[in-house]
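Trainee: Below are the sequence and a predicted model for it; my questions follow.
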Amino acid sequence: MSVHLDEKELEKDFGKAEFTVLLDNEKTTITYWRFPPKTQTGWHDHTFDYATIQQSGGQLLLKTESGDTKIVDYEDGKVVAYKAPVVHNALNISDQEVRVIEIEYKA
């Protein structure tokens, strides 16, 4: 799983999203994320390339260290790949629960 950066301030008025590590071995980490409305991952650093499989609708706001923001519209079944490094905080800004499976490739 990505490295959480606890020293970075969380967004006010947002709780913490829930996650379950489904698999963690020498090659891969697979995590199931559940974002009720107004929750966030907290700042974290993806040191490995990863892909996400969206499991719901909704929207996440991605904030980067540089202050850039990006809104990601979720669609059930959509797959997106990302290249490391990525440092961000993901916030559910929609009025519905957002669910996603994240697959990090360690090797």
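Mentor: Here it is on my side, so go on. Numbering: from 1, shown residues only.
Trainee: Tell me the residue in this protein that is farthest from the middle.
Mentor: The C-alpha centroid of the chain is most remote from residue 26, which lies 20.9 Å away (Cα atoms, centre = their mean).
Trainee: Helix, strand, or coil at it?
Mentor: What DSSP: H, G, I helix; E, B strand; the rest coil gives for residue 26 is coil.
Trainee: close enough to count as contact, it and residue 107?
Mentor: Yes. Taking contacts as Cβ atoms under 8 Å, residue 26 lies within contact range of residue 107: 6.8 Å. For glycine as for every other residue, the C-beta is placed from the backbone atoms N, C-alpha and C.
Trainee: quick one: pLDDT of the residue nearest the centre of the chain?
Mentor: Nearest to the mean C-alpha position of the chain, by Cα atoms, centre = their mean, lies residue 90 at 5.4 Å. Note on residue 90: pLDDT of 97.
Trainee: Let me know the pLDDT of residue 68.
Mentor: pLDDT at residue 68 comes out at 95.
Trainee: Return the residues in contact with residue 22.
Mentor: Counting by Cβ atoms under 8 Å, 6 or more residues apart in numbering, residue 22 touches 30-32, 101.
Trainee: The protein: strands as residue ranges?
Mentor: 3-4, 15-16, 18-24, 28-35, 39-40, 44-46, 50-54, 59-64, 69-73, 79-82, 86-92, 98-105 (DSSP state E).
Trainee: Pretty sure residue 58 is one of the things the residue nearest to the centre of the chain touches, is it not?
Mentor: No. Assessed by Cβ under 8 Å, residue 90 is found out of contact with residue 58, at 11.4 Å.
Trainee: Turn the contacts of residue 22 into JSON lines, including neighbour count.
Mentor: Formatted as JSON lines, the contacts of residue 22 follow (neighbours: other Cβ atoms under 10 Å):
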{"residue": "30", "neighbour count": "17"}
{"residue": "31", "neighbour count": "19"}
{"residue": "32", "neighbour count": "15"}
{"residue": "101", "neighbour count": "15"}
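Trainee: what about residue 35, neighbour count?
Mentor: Neighbour count for residue 35, taken as other Cβ atoms under 10 Å: 29.
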